[in-house]
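quick one: sequence plus predicted model below, questions after.
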Amino acid sequence: MVRLSSSAFEGRTAIPDRYTCEGQNVSPPLDWDGVPDNTKSLVLILDDPDAPNGPFTHWVVYNISPQRNHLPEQFAPSEDGVDDIEQGRNDFGQKRYEGPCPPRGDNAHHYHFRLYALDADLSLPPGANRDQIFSMIHNHILGQTELVGTYERSAGI
């Protein structure tokens, strides 16, 4: 069974400000294990199903090598010299992590870090979005898991 965790927060608890739009807006460290032996690639998607206009995607990472079991804090493939990982386009229109940033005054939103183990590599162009990835993976999922964190913005101005 695939498991996903972070040393920065426990499941179903608040995501620290550092990983949000009110902090440094860097990705949290993520660790996983239990990936099936015949996995060819992994996909990681972070989204907010509580967003006012429906699910909002904050991060898309795909074609992750199954030999990998970790993404470090502030992960950026181009900076880390990683060639076996693609970052897709999030709903901000960027190819990078964009942390939780719910509207001020909303109750806490739930942020789902979802990890999928696939029996295939994805033949997608660089910068593919969540919908493009979901259209290709539904028949290739060997295992999946999620880590859910919450975040509520401070009242502020």
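Thanks, I have the structure now. Residues are numbered from 1 along each chain as shown.

drop to CA atoms for contacts and neighbour counts, all remaining ones
OK.

pLDDT-wise, which helix or strand of the chain ranks last?
helix 77-80 (a mean of 61; mean pLDDT, DSSP states H and E).

residue ranges for the strands of the protein, please.
3-5, 13-14, 30-33, 41-48, 56-64, 70-71, 86-89, 109-118, 127-129, 141-151 (DSSP state E).

between the ones you listed, which one is nearest to Pro77?
Closest to Pro77 of those is strand 86-89 (Cα to Cα; 7.5 Å).

other SSEs contacting that closest one?
strand 56-64, strand 127-129 (3 or more Cα pairs under 8 Å, 6 or more residues apart in numbering; DSSP states H and E).

just those strands: most buried one?
Comparing those on average neighbours per residue, with mean count of other Cα atoms under 10 Å, the densest one is strand 56-64 at a mean of 24.

so what strands line up beside that one?
strand 41-48 (antiparallel), strand 86-89 (antiparallel) (DSSP bridges).

that older thread, the strands of the chain: which one's closest to Thr20?
Of these, nearest to Thr20 by Cα to Cα is strand 141-151, at 8.3 Å.

what's the neighbour count on Gly54?
Residues contacting Gly54 under the criterion other Cα atoms under 10 Å number 9.

Pro49 against His110, yeah?
Yes - between Pro49 and His110 a contact is recorded at 7.0 Å, counting by Cα atoms under 8 Å.

looking at the two, which is more packed in?
Shown here are Pro49 and His110; by other Cα under 10 Å, His110 has more neighbours (22 against 15).

measure the closest residue in space to that one that isn't next to it in sequence to Ala120 for me?
Nearest residue to His110, sequence neighbours excluded (Cα to Cα, 6 or more residues apart in numbering): Thr150, at 4.5 Å. Distance from Thr150 to Ala120, counting by Cα to Cα, to the nearest Å: 32 Å.

ok, Pro72 next?
Distance from Pro72 to Ala120, by Cα to Cα: 24 Å.

and for Gln87?
17 Å.

these two - which one has more neighbours?
Gln87 (25 against 18).

name the nearest residue to the more buried one, ignoring sequence neighbours.
Val61 (4.5 Å).

check contacts around the residue nearest to Glu73 when sequence neighbours are not counted.
Sequence neighbours aside, Pro29 is the residue nearest to Glu73 in space, at 4.1 Å (criterion: Cα to Cα, 6+ apart). By Cα atoms under 8 Å, 6 or more residues apart in numbering, the contact list for Pro29 reads 6-8, 70-75.
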